[in-house]
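1. Got a sequence here, can you build the structure:
(one chain, ligands or ions: 1)
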Amino acid sequence: MPSSFKIGKIAGIEIGVHWSWIFIFALITWSFADGILNEFYPEWSTGQRWAVGVIVAGIFFASILLHELSHSLVAKARGIPVKGITLFVFGGVSNLGREAQSAGEEFQIAIVGPATSLVIGAVFAILWAALRGPAPEAAAIAGYLAFINGIIAAFNMLPGFPLDGGRVFRSIVWARNRNLLQATRIASRTGEFVAYGLMAAGAIQFFFNPVGGIWMFLIGLFLRNASAASYEQLVLQTTLQGLSARELASSDYVPVPPDMTVVHLVSELMLAGRGRCYPVVAGEELLGLVTLTDVQRLEREQWPTTSVFRAMTPFERLRTVAPQEEALKVLQLMGEADVNQVPVVDGRRLLGIVSRADILRLIQVRRAVAAEG
Ligand SMILES: [Zn+2]
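-> Numbering: from 1, shown residues only. Alright, predicted model coming up:
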């Protein structure tokens, strides 16, 4: 993921940090040094306050890391491969090798995170109580860290998927109705409600505390997008499960010979409604793909004298897939490469073309059939 950078490995799990964390780190340091410490310890020097601010932000970061690590360690203990962790503002994302296979498994993996934050919060609360008399400065820091870990536990336990609380909620629904897709739909709907609630609360809060209001609104927005996206992802996974590129591929295309002129291609095929994308073939061998985009790159005067062979995107620069490639991988590849179709090839032999539109149609049909049954 290019939006994050790696900081190391713990227990074989790659730890990544989202770039926004640099901003969060600065914000926490600043709000602590300039806000809380300034208020309670006006006699401290600026340097002292900022030094303590950095330490607090560091401990906060470690708390988030422990929270996320606890999810991954439980997942690993259940035999789920964990590729890595990416830390975000109030938590992170564990990149698990597969989804939980049972409601119980999901419940355990989800609940351990907020539980970990609560335990960390409790430890700092005990420190706060113990230090209040002998060292009030240290107690203030411990109190703040107890508070913020409590907030993290509470925020993550909001019952909106894909937050931990939403996952816990989903696992309970899943255990009851034994239908993962339906449980996810219910949990992500709830997630949307929670998100809109946060956004509304943020909008109201804005009038009293603009910065806090904007924060809450943005978190609501983030949650809304995340819950919709994770539901769609699951629908895709469920509908495309077990399908290969070969099964998805359509042979409903018109192959063109390399020496056909572009003007011929446009007037006889494209304008006649035979599609936007044409494989250029010699015998059974795929030489390249010529699409409307390729044609549009040429001046109109060049059309009669240019062959499709010169206009096409050559095989070497095409994204292609093998026939046994998983359907979901093919869709991912199209997203990454930002293309609408991918040829399925065996060596250089063209077996078919998978197009985004075909996949979406298939998903619609499968969903409709599932809803009937
Ligand atoms: Zn979590």
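
2. quick one: the closest residue to the ion within the stretch 151-300 of the chain and Gln108, what's the gap?
-> Closest to the ion within the stretch 151-300 of the chain is Asp164: 4.1 Å, counting by Cβ to the ion. No exception for glycine: its C-beta is placed from N, CA and C like everyone else's. Remark: distance between Asp164 and Gln108 (Cβ to Cβ, to the nearest Å) = 11 Å.

3. how about the helices of the chain, start to end?
-> In the chain, the helices defined using DSSP state H lie at 20-30, 37-40, 46-77, 103-131, 136-156, 164-177, 180-205, 210-240, 245-248, 262-264, 292-296, 308-311, 327-337, 356-372.

4. Mean pLDDT added to those, as a markdown table?
-> What follows is the helices of the chain, written out as a markdown table (pLDDT from 0 to 100):
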| stretch | mean pLDDT |
| --- | --- |
| helix 20-30 | 82 |
| helix 37-40 | 76 |
| helix 46-77 | 88 |
| helix 103-131 | 93 |
| helix 136-156 | 87 |
| helix 164-177 | 90 |
| helix 180-205 | 88 |
| helix 210-240 | 81 |
| helix 245-248 | 87 |
| helix 262-264 | 94 |
| helix 292-296 | 91 |
| helix 308-311 | 94 |
| helix 327-337 | 82 |
| helix 356-372 | 75 |
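
5. Neighbours of the residue of the stretch 151-300 of the chain closest to the ion, how many?
-> Look at Asp164: counted by other Cβ atoms under 10 Å, it has 26 neighbours.

6. My guess is it contacts Ala110. True?
-> Yes - with contacts counted by Cβ atoms under 8 Å, Asp164 reaches Ala110, the gap being 4.8 Å.

7. Report the set of residues contacting both of those two.
-> Listed as contacting both Asp164 and Ala110 by Cβ atoms under 8 Å, 6 or more residues apart in numbering are His71.

8. With respect to Gly92, which of the helices of the chain lies nearest?
-> Closest approach to Gly92 among those is made by helix 46-77 (3.9 Å; Cβ to Cβ).

9. helices and strands around that closest one, which ones?
-> Using 3 or more Cβ pairs under 8 Å, 6 or more residues apart in numbering; DSSP states H and E, the elements in contact with helix 46-77 are strand 13-18, helix 20-30, helix 37-40, strand 82-87, strand 92-96, helix 103-131, helix 136-156.

10. Can you list the buried residues in it?
-> Neighbour counts over helix 46-77 (16 or more other Cβ atoms under 10 Å) mark 49-50, 52-54, 56-57, 59-61, 63-76 as buried.

11. Equivalent analysis for stretch 147-167, please.
-> By neighbour count on 16+ other Cβ under 10 Å, the buried set for stretch 147-167 is 148-150, 152-153, 155-167.

12. what do you get for stretch 130-137?
-> So, applying 16+ other Cβ under 10 Å, buried residues of stretch 130-137: Leu131.

13. Stretch 275-283 too?
-> Buried, per 16+ other Cβ under 10 Å, within stretch 275-283: 275, 277-281.

14. What mean pLDDT does that stretch get?
-> In this model, stretch 275-283 has a mean pLDDT of 90.

15. roughly how far is it from the heart of the chain?
-> Stretch 275-283 sits 35 Å away from the centroid of its parent chain (Cα atoms, centre = their mean, to the nearest Å).

16. now swap in stretch 143-153 and tell me
-> Relative to its parent chain, stretch 143-153 has a centroid offset of 26 Å by Cα atoms, centre = their mean.

17. Likewise for stretch 198-215?
-> Worked out by Cα atoms, centre = their mean, stretch 198-215 lies 26 Å from the chain centre.

18. quick one: contacts of that stretch?
-> 216-221, 223-224.

19. restrict these to those near the ion?
-> Among the contacts of stretch 198-215, none lies close to the ion by the criterion of Cβ under 5 Å from the ion.

20. thinking again about what came up before, format the helices and strands packed on helix 46-77 as CSV; extra columns: distance to Ala187.
-> CSV is the format used below for the helices and strands packed on helix 46-77 (distance: least, Cβ to Cβ, whole Å):
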stretch, distance to Ala187
strand 13-18, 24
helix 20-30, 25
helix 37-40, 40
strand 82-87, 22
strand 92-96, 17
helix 103-131, 11
helix 136-156, 14
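
21. of all these, which lies closest to the ion?
-> Nearest to the ion, of those and by Cβ to the ion, is helix 103-131 at 3.0 Å.

22. wait, does the closest one make contact with the ion?
-> Yes - with Cβ under 5 Å from the ion as the criterion, the ion is reached by helix 103-131 at Gly113.

23. change the start of the numbering to 13 and stick with it
-> Got it, first residue is 13 now, which makes that one helix 115-143.

24. which of the residues in that helix are buried?
-> 115, 117-126, 128-130, 132-133, 136-137, 139-140, 143.

25. follow-up on the earlier one: dump the helices of the chain into JSON lines; add distance to Pro355 as well.
-> Formatted as JSON lines, these follow (distance: least, Cβ to Cβ, whole Å):
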{"stretch": "helix 32-42", "distance to Pro355": "38"}
{"stretch": "helix 49-52", "distance to Pro355": "62"}
{"stretch": "helix 58-89", "distance to Pro355": "37"}
{"stretch": "helix 115-143", "distance to Pro355": "38"}
{"stretch": "helix 148-168", "distance to Pro355": "44"}
{"stretch": "helix 176-189", "distance to Pro355": "38"}
{"stretch": "helix 192-217", "distance to Pro355": "31"}
{"stretch": "helix 222-252", "distance to Pro355": "19"}
{"stretch": "helix 257-260", "distance to Pro355": "10"}
{"stretch": "helix 274-276", "distance to Pro355": "20"}
{"stretch": "helix 304-308", "distance to Pro355": "14"}
{"stretch": "helix 320-323", "distance to Pro355": "15"}
{"stretch": "helix 339-349", "distance to Pro355": "11"}
{"stretch": "helix 368-384", "distance to Pro355": "13"}
